[in-house]
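Student: Here is my input, please return the structure:
(chains A, B, C and D)
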2 protein chains.
Amino acid sequence: MSQSSAKKAKLQSQAFKRTRADHQSELAEDYVELIAELIDDKGEARGNDVAIRMGVANATVVKMLKRLMERGLVTQEPYREIMLTGDGWAMAENGRKRHSIVENFLLALGVSREVARIDSEGIEHHVSEETLKAMAKFVTRQN
Amino acid sequence: MSQSSAKKAKLQSQAFKRTRADHQSELAEDYVELIAELIDDKGEARGNDVAIRMGVANATVVKMLKRLMERGLVTQEPYREIMLTGDGWAMAENGRKRHSIVENFLLALGVSREVARIDSEGIEHHVSEETLKAMAKFVTRQN
DNA sequence: TCCAGAGTTTAGCCTTTGCTAAACTTAAAC
DNA sequence: GTTTAAGTTTAGCAAAGGCTAAACTCTGGA
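Tutor: Sure thing, here's the model as predicted:
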């Protein structure tokens, strides 16, 4: 016996809505995560470096940084380096944790280093807490 | 010893570009997959049903269908039901296969039915062939 | 000290994917 | 055969995230 059509529609639209919502936040997370990485690696994050690492034009970064500032994730004086707010650092930390769990999970599953690196970037943002826990547990069991 | 900064930037931008490219095709795939499902379940796919299942407005569906027609994935006469082309059916089949592998994989990993349903929708489009194979293999081993 | 090149910003454009409101078509009930 | 409700389409708007070209700022070397 299968569920009613109306119920099925509701469940399905819920999943699609979640995916659309994920897409809204995921770019912000990627930028913030990258900025944190640059600060740790090079001492500071400059717009140009962000553009190169993200594979987009400088102007695109400027526009994105404005949105991130509005969201209270980064701060920046004109022509100066990019800094993260407390919220920005928290988001970056969270993202790094998720990212590393997903990437290590894929490696533990037997996926090649190269593919694990690329796929984890895409998958990272669509994994719920529950799935993340299951992945972490799997990695632990393998070792 | 870690890789050079330039090389790291190239590898990283490559992953982000892949993710951006994925996003372009994934919505099309979702619509096509859903249309196939409606045809199988109800005998035909109407714009209204697509709107309800996707959780978007009717007008959004109309606009999307135009793009799908341009891409040669669907056909439709005004005020009539939506049909899939050969390419459309192929895409739907492929999507269903991927979707079911990912969902079953999550279930095998110990994720709840509810979360597996939602997460698989988001993850589906970011999984390479190699990872998909690894997931399928894992599911087989579990049974 | 000044000026040239690297880096940054602004301006203006485009596409995608959403929305609402209003107009139109179809089909079914009477 | 009308009428009406459900479904579909059009028109017009908005926000996100890309781009290029041109203008501006900063800084290090001569």
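
Student: touching DNA strand C at all, whichever helix or strand A:Leu68 is part of?
Tutor: Following DSSP states H and E, one finds A:Leu68 within helix A:58-70. Yes. Judged by C-beta under 7 Å from any atom of the strand, helix A:58-70 and DNA strand C are in contact via A:Asn58, A:Ala59, A:Val61, A:Val62, A:Lys63, A:Leu65. Bear in mind the C-beta positions are built from the backbone N, C-alpha and C, glycine included.

Student: Can you verify my assumption that the last one contacts A:Gly47?
Tutor: Yes. Counting by C-beta atoms under 8 Å, A:Leu65 does reach A:Gly47; the two are 7.1 Å apart.

Student: Pull out the buried positions in the lowest-mean-pLDDT helix or strand in chain A.
Tutor: None of the helices or strands of chain A scores lower by mean pLDDT, DSSP states H and E than helix A:5-42, at a mean of 93. For helix A:5-42, the neighbour count (16 or more other C-beta atoms under 10 Å in any protein chain shown) marks A:9, A:12-13, A:15-16, A:18-19, A:22, A:26-39 as buried.

Student: give me the residue from chain A nearest DNA strand C.
Tutor: Closest approach between chain A and DNA strand C, counting by C-beta to the nearest atom of the strand: A:Asn48, at 2.7 Å.

Student: which residues sit in contact with A:Met54?
Tutor: Going by C-beta atoms under 8 Å, 6 or more residues apart in numbering or on different chains, A:Met54 touches A:Asp30, A:Tyr31, A:Leu34, A:Thr60, A:Val61, B:Gln12, B:Ser13, B:Phe16.

Student: For these, which two are the farthest from each other?
Tutor: Across the contacts of A:Met54, the longest distance by C-beta to C-beta is 15.6 Å; it joins A:Thr60 and B:Gln12.

Student: follow-up on the earlier one: quick one: name whatever helix or strand follows the least confident helix or strand of chain A.
Tutor: Sequence order places helix A:47-54 as the next helix or strand after helix A:5-42, per DSSP H and E.

Student: Distance from the chain centre to that next one, please.
Tutor: Here the centre of helix A:47-54 is set off from its chain's centre by 16 Å, with C-alpha atoms, centre = their mean, to the nearest Å.

Student: That'll do, ta.
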